[in-house]
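In: Okay, sequence plus prediction incoming.
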Amino acid sequence: DGSTLADGAISVSEVSGAAPLASPTFTGSFTSPGIDDDANALAIKIDSSERVLLGTTASDTTISANPALQVAGTTYDKAMIGAYRYDNGAGSPAHLTMSKSRGTSVNTQTIVQSGDTIGQINFAGSDGTDFESLGNIAAQVDGTPGTNDMPGRLVFSTTPDGGISPTERMRITNGGFVGISGARDADTPLHIYSASTG
């Protein structure tokens with residue numbers, strides 16, 4: 001409704017009985033630097049490093065990358081990110097897209113190279129002090145890319161007992177071959193390598 005609150009924030013709400021607004025609204029207020037919920041509690045914060053924080057007011061620096069979007073909560077649903085697609089067909093699912101260009105500024109297209117990691121899903125557990133990686137799944141360029149040609153592989157890694165760095169355990173190559181336990185250059189549909197017998 002555009003009214004100014006005591007702290008200088010602007011209240012945004014839909015007036016009962018009025019014509020619907022042209023865009024989605026929420027009951028709450030904008031505060032600096034964030035958005036309050038309808039109970040006047042800070043729901044979304046944008047910190048001085050332009051990180052968006054949901055469910056927390058402080059960036060978690062124990063996460064090695066200190067992500068730009070952080071979602072935290074003490075209940076299952078508060079730490080969940082959901083994407084929902086409603087479509088009467090077999091295709092067009094909800095998507096999580098990770099992309100990479102070798103360009104050095106936003107929105108510049110420079111071709112990637114073989115071996116480049118395009119996207120990675122990391123899993124980390126607390127050791128009582130900070131979060132340590134226990135494994136990841138990475139998508140990498142698997143060959144020389146070109147126009148409308150982007151060969152790829154998936155690499156699965158886990159961290160051994162006593163360590164904090166994931167080690168590659170399995171990969172699926174651009175040809176669909178599966179390499180396990182160090183068989184990185186899988187040249188058959190299933191290639192298993194071991195340095196010892198058995």
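Out: Here it is on my side, so go on.

In: Just give me the residue closest to the centre of this structure.
Out: The centroid of the chain falls nearest to I121 when counting by Cα atoms, centre = their mean (6.9 Å).

In: Can you check my assumption that A139 lies in a helix?
Out: No. Counting by DSSP: H, G, I helix; E, B strand; the rest coil, A139 falls outside a helix, being strand.

In: For the residue nearest to the centre of the chain, give its distance to G135.
Out: 9 Å (Cβ to Cβ, to the nearest Å). C-beta coordinates here come from the backbone N, C-alpha and C atoms, glycine included.

In: How about V141?
Out: 21 Å.

In: strand partners of the helix or strand where the residue nearest to the centre of the chain lies, parallel vs antiparallel please.
Out: Under the criterion of DSSP states H and E, I121 resides in strand 117-126. Counting by DSSP bridges, the strands paired with strand 117-126 are strand 131-141 (antiparallel).

In: Which positions in the partner strand come out as buried?
Out: E132, S133, G135, N136, A138, A139, Q140, V141 (16 or more other Cβ atoms under 10 Å).

In: still on that earlier bit, make sure the residue nearest to the centre of the chain is actually in contact with A139.
Out: No. In this structure, I121 is not within contact of A139 by Cβ atoms under 8 Å, at 9.0 Å.

In: ok, back up a step: mind checking how far the residue nearest to the centre of the chain is from G182?
Out: From I121 across to G182, the span is 22 Å (Cβ to Cβ).

In: Repeat that for P67.
Out: 31 Å.

In: With L54 instead?
Out: Counting by Cβ to Cβ, the gap from L54 to G182 is 40 Å.

In: ok, now V71?
Out: Using Cβ to Cβ, one obtains 36 Å as the distance from V71 to G182.

In: Identify the residues contacting I44.
Out: Residues counted as contacts of I44 (Cβ atoms under 8 Å, 6 or more residues apart in numbering) are G34, I35, V52, L53, L54.

In: Please pick the buried ones from these.
Out: Using 16+ other Cβ under 10 Å, the buried ones in the contacts of I44 are G34, I35, L53, L54.

In: do you know how far the first one is from N136?
Out: Separation of G34 from N136 (Cβ to Cβ): 31 Å.

In: what bits of the protein have low per-residue confidence?
Out: 1-33, 63-64, 197-198 (pLDDT under 70).

In: follow-up on the earlier one: TSV please, covering the buried residues of strand 131-141 and showing distance to I81.
Out: Formatted as TSV, these follow (distance: Cβ to Cβ, whole Å):
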residue	distance to I81
E132	22
S133	19
G135	19
N136	17
A138	19
A139	19
Q140	24
V141	26
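
In: if I look at the closest residue to I137 other than its chain neighbours, how far off is Y76?
Out: Counting by Cβ to Cβ, 6 or more residues apart in numbering, the nearest residue to I137 once its immediate chain neighbours are dropped is I121, at 4.8 Å. Using Cβ to Cβ, I121 is found at 19 Å from Y76.

In: Next: V155.
Out: 29 Å.

In: Could you check the host helix or strand of R171 and say which residues are buried?
Out: Per DSSP H and E, R171 falls inside strand 167-172. Residues M170, R171, I172 are the ones in strand 167-172 that count as buried (16+ other Cβ under 10 Å).
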